[in-house]
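S.K.: below: sequence and its predicted model.
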2 protein chains.
Amino acid sequence: MNTAEEVHDFVNKGHEQYLPHLSIDCVIFGYHERQLKILLIQHHGHEEWMLPGGFIQRHETLTEAAYRILAYKTGISDLFLQQFYTFGDSAARLNRIAIQQIHNKTYAKVGVTLDENHWLAERTLSIGYYALVDYSNVVVRPEFLVDEYAWRDISDIPALQYDHNEIIDKALLTLRAQLYQQPIGSNLLPEKFTLPEVHDLYETILGRRFDRRNFRKKLLALGLIRQLNEQRKIGPHRSPNLYEFDLDNYHRALNEGAALVL
Amino acid sequence: MNTAEEVHDFVNKGHEQYLPHLSIDCVIFGYHERQLKILLIQHHGHEEWMLPGGFIQRHETLTEAAYRILAYKTGISDLFLQQFYTFGDSAARLNRIAIQQIHNKTYAKVGVTLDENHWLAERTLSIGYYALVDYSNVVVRPEFLVDEYAWRDISDIPALQYDHNEIIDKALLTLRAQLYQQPIGSNLLPEKFTLPEVHDLYETILGRRFDRRNFRKKLLALGLIRQLNEQRKIGPHRSPNLYEFDLDNYHRALNEGAALVL
DNA sequence: GCAAAAGTGTTCACTTTACACCCATGT
DNA sequence: ACATGGGTGTAAAGTGAACACTTTTGC
C-alpha cells in the first residue's frame, strides 16, 4: 500500500478481499558479511518493530499468498520459502483491546480509528513462513505505513510487537534443524562462491565451528559443490578457489535429506 | 455434539463461539498388532470418510483447542500431540460450492440447509495436528453427526473428503522424520513392553527393518529403556523380557533430539 | 620479508553394520 | 521332540573428529 487512499480502502474493504482471523508473518533471513540478519519493519507511530507480513486473499492459495507477500516486500521471487508453524497461543493474540490499540496507532496516520468489531481488530492467528535470501539482492519496497526497514542481526533483535519474538525463535530453531538435514545455501550465496564463504555461512547459521578440511571433504563427498577453475582476488592474501553448487545433486539432497553437517 | 438441538445451535450460532475460516484436523495414529492405524470418521449421509477435527473457540488458545478436540474424540488427554502443517492450498478448499454441498449432505440429518454465505460454507484453512495414542486406550465418543468410526491401516486409506489424504501424507512424513530425530514410543506402548514390541513399532512406523541385536544395543546405549526382572508369557515360545522407558532420559532425548534409529 | 588468509592429508576413535546359533516354552 | 519366537556377541567397515604446516598475495 503506497497511498493514504489505498490504506483507507484496505481498512474499510479489506475483509471483502482478505480472509479475516489469519495472517502470514515472514521471517526473512538474509546473510551478509558473516552475519545472519532478519528483516524488520517499523510501522508509523510505533516504537516497536515487527516482522513483515500480510493477509491471504480469498481467491488465492496459502502458498500463493506467501510468495506474493514475500515478492512484494523484497522484490525477490525465486527464493527458498518454507512454512514452519502456525501461531495461535500467545496472550498478545488474545487480547483484543491491545490489538485494537496497536492498529489505531498505525492507522492514525490516515485518520482512521477502528471500532472493536472491525475486522482488523479481531483475533488473528499467524502462519509463519521463513525465507532465505541473498541479502544483497533485496531491494525493500517502501510502503505508506512503514516508517523504517532494518536488517537486524539475529543476536540483536529488540522486543517486537505481538508474539513476533517467539515466531523468530521458532523460525531459527526450524532453520537450524533443517540445515542439519537439508543443504541450504544456494539461496544465500552468489552463484560462484569460495569455500570460506559457505563455511562461514554454516558456522554463522548454526552458531558452531566446523573444521575447514572436514567441511570441504563432506561437501565434495556429497557432490553438492563443484570446484571451478577460477579464483577470486581478495587483496593481500592467497586467492581462494571458486565453487558452484551442483544443483542436480543439491536438489536430490534436499529431497532425500542428506545429513550435510558434521 | 450429541443431539439435534446442539447441532442446530452449532450451525446457527457457531460463529459466535468459534473462529471462522479455520479448523483443526487431527491425524490420530494408533498402533496395534504391528499395524499403524489412523482414526477416521464418516459423517451422516456421506460415502467418504474424513479425519476427525473441530474448530477453535474464540477465547481459547490454539494449543488448548487441539487438546480439547483430541480429548473429546478419544477420551485421552495425556498424549503426544504435535502441530505439523497448515493446509490452505488444495482446490477442494477453494471451491465454495463443493464445500457447501458437503455440509448440506451432513446437516440434512437435522433438516438444515446452509446458504452460500453461511459461516460453515466459507473457505476454511486447516491446521494439522497429529497424535500418537495407544490404540487400546481409546474409547471413541459417539457423536450425533458421525455414523461410523474406524481405525484404518495406513496402507489402506480410502479416498477422503477435502484434502484429507494430503494431510495424512504430510502427517506420516512428519512423523517419520521426527522419529528419526526423537524417540517416540512411550505413548504407543503399554508401560511394560517387550523388545520385539518396540522393535516392531519402529519397523512398522518407518516401514524399514532393523537388526534386532543392534536395535536393542542402541536403545540401551541411549539409556532410553531399562530391562525389568520380569517376563511375559506368550504361549508356546520363550518368554520375552519386559522393559520400561527411562522417562528422564527419554524426555531429555526428546528435547535434545537423539538420533534414535540405526 | 611479513602479515593475513587459503589450501591441503593422515591418523585415530567411534559408530554402524553385518551376521548365526542357542534357548525357552507349550503342545 | 518339534515348532515357534526370543535371546545374545563379535568382527569388519565406514564415518566423524582431531590435528599443523605450507602456499599465495599485496604491501
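M.R.: Ah, there it is.
S.K.: OK, contacts around the closest residue to A:Gly257 other than its chain neighbours?
M.R.: Leaving aside its chain neighbours, A:Gly257 sits nearest to A:Gln181 (4.7 Å; criterion: C-beta to C-beta, 6 or more residues apart in numbering or on different chains). For every residue, glycine as well, the C-beta is placed using N, CA and C. Residues counted as contacts of A:Gln181 (C-beta atoms under 8 Å, 6 or more residues apart in numbering or on different chains) are A:257-260, B:177.
S.K.: with A:Pro240 instead?
M.R.: So A:Pro240 contacts A:194-196, A:231-232, A:234 (C-beta under 8 Å, 6+ apart).
S.K.: surely A:Tyr243 and A:Val198 touch.
M.R.: Yes - assessed by C-beta atoms under 8 Å, A:Tyr243 is found in contact with A:Val198 at 7.4 Å.
S.K.: what is in contact with those two at once?
M.R.: With C-beta under 8 Å, 6+ apart as the test, A:Tyr243 and A:Val198 both reach A:Ile225.
S.K.: pull the helix or strand where A:Lys218 lies out as PDB, backbone CA atoms only.
M.R.: A:Lys218 is part of helix A:212-221, with elements assigned from DSSP states H and E. Below are the C-alpha coordinates for helix A:212-221, written out as PDB (Å, rounded to 0.1, in the frame of the first residue of the first chain):
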ATOM      1  CA  ARG A 212      37.700 -26.400   7.300                       C
ATOM      2  CA  ARG A 213      39.200 -29.600   5.900                       C
ATOM      3  CA  ASN A 214      36.400 -31.900   7.100                       C
ATOM      4  CA  PHE A 215      33.800 -29.400   5.900                       C
ATOM      5  CA  ARG A 216      35.200 -29.300   2.400                       C
ATOM      6  CA  LYS A 217      35.600 -33.100   2.300                       C
ATOM      7  CA  LYS A 218      32.000 -33.600   3.200                       C
ATOM      8  CA  LEU A 219      30.600 -31.100   0.700                       C
ATOM      9  CA  LEU A 220      32.600 -32.700  -2.100                       C
ATOM     10  CA  ALA A 221      31.800 -36.200  -1.000                       C
END
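S.K.: buried sites along the next helix or strand after it?
M.R.: Sequence-wise, the next helix or strand downstream of helix A:212-221 (DSSP H and E) is strand A:225-231. Using 16 or more other C-beta atoms under 10 Å in any protein chain shown as the test for burial, strand A:225-231 gives A:Ile225.
S.K.: got it, and stretch A:31-48?
M.R.: Under 16+ other C-beta under 10 Å, the buried positions of stretch A:31-48 are A:31, A:35-44, A:46.
S.K.: burial count for A:Tyr130?
M.R.: Other residues lying near A:Tyr130 total 24 when counted by other C-beta atoms under 10 Å in any protein chain shown.
S.K.: cool, and the one 5 residues further on?
M.R.: Applying other C-beta under 10 Å, we find 17 other residues in the vicinity of A:Tyr135.
S.K.: distance of it from DNA strand D?
M.R.: 26 Å (C-beta to the nearest atom of the strand, to the nearest Å).
S.K.: so who does that residue touch?
M.R.: Here A:Tyr135 is in contact with A:30-32, A:37, A:151, A:188 (C-beta under 8 Å, 6+ apart).
S.K.: how about low-confidence regions in chain A?
M.R.: A:261-262 (pLDDT under 70).
S.K.: could you list the domains of it?
M.R.: Per the record, chain A has its domains at A:4-162, A:193-256, by automatic domain parsing.
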